[in-house]
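[1] turn this into a model:
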Amino acid sequence: MAKHPVQPPEWIDAAPILVREEIEIAAPPSAVWARIADHETWPEWFTALDRVERIGTGADVGSGRRVFVKRLPIEEEFTAWDVDEHFAFGVTSSKIPILHTMAESVRLEQTAAGTCVIYRQGLQGRSGFGWAMELAWKRPAKQLVDALERLRDLVESELS
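    As a prediction, this is how the structure comes out:
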């Protein structure tokens, strides 16, 4: 697997490719966090993932997880972990040949109606492949919208 430099959450907004989606969930941040921090259940709502395994505790900065997309492993290291508020990770290795670096951030903000989930992805293609990375990421970006809608539906149904 190719190794990738780990970027901090602040890098995401400056990334050459930025995907940002948000959704309102009628649930407190603690209920949303419980679902998001349960890595092994991500494929229930983030269906692009086949499986998720913890690396270390999977619940603090420096630990991580291994996700499988179409059976291909991607390893991630957590760069932020603030319970009920925010977590972020950087991809450390993958079999994506055109990827140079990738980081993601999930922030939870309490609102009058529940929780606003702000999900950001930052990517950079390998030198000379930025255009290909941008083109290749159009479908996964669309899948993020669908994933957040499924997350909302799951969390809200668990509270009713």
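[2] CA atoms for contacts and neighbours, from now on please.
    Fine.
[3] does the residue nearest the centre of the chain count as helix, strand or coil?
    In the chain, the centroid-proximal residue (Cα atoms, centre = their mean) is Glu104; its distance is 4.9 Å. Using DSSP: H, G, I helix; E, B strand; the rest coil, the structure places Glu104 in strand.
[4] the closest residue to it other than its chain neighbours and Gly114, how far apart?
    In space, and not counting its chain neighbours, Glu104 is closest to Gln121: 4.4 Å by Cα to Cα, 6 or more residues apart in numbering. When distance is defined by Cα to Cα, to the nearest Å, Gln121 is 23 Å away from Gly114.
[5] Glu85 reaches Ser105, doesn't it?
    No - using Cα atoms under 8 Å, Glu85 makes no contact with Ser105, being 10.7 Å away.
[6] of those two, who's got more company?
    Ser105 (23 against 17; other Cα atoms under 10 Å).
[7] figure out the helix or strand that Glu158 lives in.
    Glu158 is part of helix 138-159, with elements assigned from DSSP states H and E.
[8] by contact count, what packs against that helix?
    strand 17-25, helix 29-36, helix 42-45 (3 or more Cα pairs under 8 Å, 6 or more residues apart in numbering; DSSP states H and E).
[9] per-residue pLDDT, Glu22?
    Looking at Glu22, its pLDDT is 97.
[10] and the residue nearest to Glu104, how many neighbours does it have?
    Residues near Gln121, counting by other Cα under 10 Å: 24.
[11] I'd say it and Met102 touch.
    Yes - judged on Cα under 8 Å, Gln121 makes contact with Met102 at a distance of 7.3 Å.
[12] what does the worst-scoring helix or strand of the chain on mean pLDDT rub up against?
    One helix or strand of the chain scores below all others by mean pLDDT, DSSP states H and E: helix 130-136, with a mean of 89. With contact meaning Cα atoms under 8 Å, 6 or more residues apart in numbering, helix 130-136 is reached by 16-17, 98-99, 124-125.
[13] what's the answer for stretch 45-56, then?
    Contacts of stretch 45-56 (Cα under 8 Å, 6+ apart): 39-43, 63-71, 140, 143-144, 146-148, 150-151, 154.
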